[in-house]
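Novice: Mind looking at a prediction? Sequence and model below.
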Amino acid sequence: MILLGPPGAGKGTQARLLVDKLQLMQLSTGDMLRDAVAAGTETGLKAKELIDRGDLVPDDIVVGIVSDRLDDPDAQDGIIFDGFPRTLGQADAFEAMLSEKGIRLDAVVEMRCDNDQLIERITGRYTCGNCGEGYHSSYKKPKVENVCDVCGRSEMRQREDDTVEAFRARLLNYYKDTAPLIGYYHAKNALRIVDGMAAIEDVTKQIDAVITA
Ligand code: AMP
């Protein structure tokens, strides 16, 4: 399944909830690229500046890391793609990859959003650096300030590209490069639409309903 939506739509949040609910694996190209940056790999070095600016990483790099990841033993049961594909080129390469590896795409869920509210979502969000649980300074605070509800550690982090400037670039890139995928998957009869501005648990319910319908 693919989750499609602008930055701040809540793709990562929903992917994490669906992983628990449906026993799937989350595959976030953003997380994979950030891991590569942190590890200082060749891919990470190429990606860092682009990510910090809010620009897209070239298709061949992203397609390569996804293709490699799909061969791992833990990726054989069911996957939620969060942040991939992000361009028509990636979608075409993804389709070829799926048919080559014998994987079926069940659904593409578009999380429809109101742009004006996204900036607040993005600039207020942070995650636990240990377990990855997501929080927000207005909508989802941890029960004890600065302590993760899930793992109990105090390692909250904010993404370096969650600034107003980088967000604007990411939103522009979304409409320029990624939004055409809505038509692409609609034409393939794979697109399902949910309200990305609803409360977190309602969005999960909507996604569950559209993928099981
Ligand atoms: P995300 O965590 O999905 O918001 O991604 C963070 C950043 O990683 C993006 O702004 C891009 O710079 C890069 N990135 C993540 N996924 C992709 C992708 N599929 N194609 C190109 N760049 C990507």
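Specialist: Nice, thanks for sending it over.
Novice: What ranges does this protein have for its helices?
Specialist: 11-22, 29-39, 42-53, 59-70, 88-101, 115-123, 164-173, 180-187, 200-212 (DSSP state H).
Novice: Let me know the angle separating the last one from helix 11-22.
Specialist: Here the directions of helix 200-212 and helix 11-22 differ by 60 degrees (axes from the mean of the first three to the mean of the last three C-alpha atoms, to 10 degrees).
Novice: Just the buried residues of helix 200-212, please?
Specialist: For helix 200-212, burial by neighbour count (16 or more other C-beta atoms under 10 Å) applies to 203-204, 206-207, 211. C-beta here means a position set from N, CA and C on the backbone, and glycine is covered the same way.
Novice: and these near the ligand, which?
Specialist: The overlap between those and the neighbours of the ligand (C-beta under 6 Å from any ligand atom) is empty.
Novice: residue contacts, the one residue in the chain that gets nearest to the ligand?
Specialist: Proximity of the chain to the ligand (C-beta to the nearest ligand atom) peaks at residue 30, 2.0 Å away. For residue 30, the contact set (C-beta atoms under 8 Å, 6 or more residues apart in numbering) comprises 12, 51, 82-83.
Novice: near the ligand, from these?
Specialist: Among the contacts of residue 30, the ligand is touched by 51, 83 when using C-beta under 6 Å from any ligand atom.
Novice: can I get the contacts of residue 30 in CSV with distance to residue 72, pLDDT and neighbour count?
Specialist: As requested, these are exported to CSV (distance: C-beta to C-beta, whole Å; pLDDT from 0 to 100; neighbours: other C-beta atoms under 10 Å):
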residue, distance to residue 72, pLDDT, neighbour count
12, 20, 92, 21
51, 23, 94, 21
82, 17, 95, 26
83, 18, 95, 22
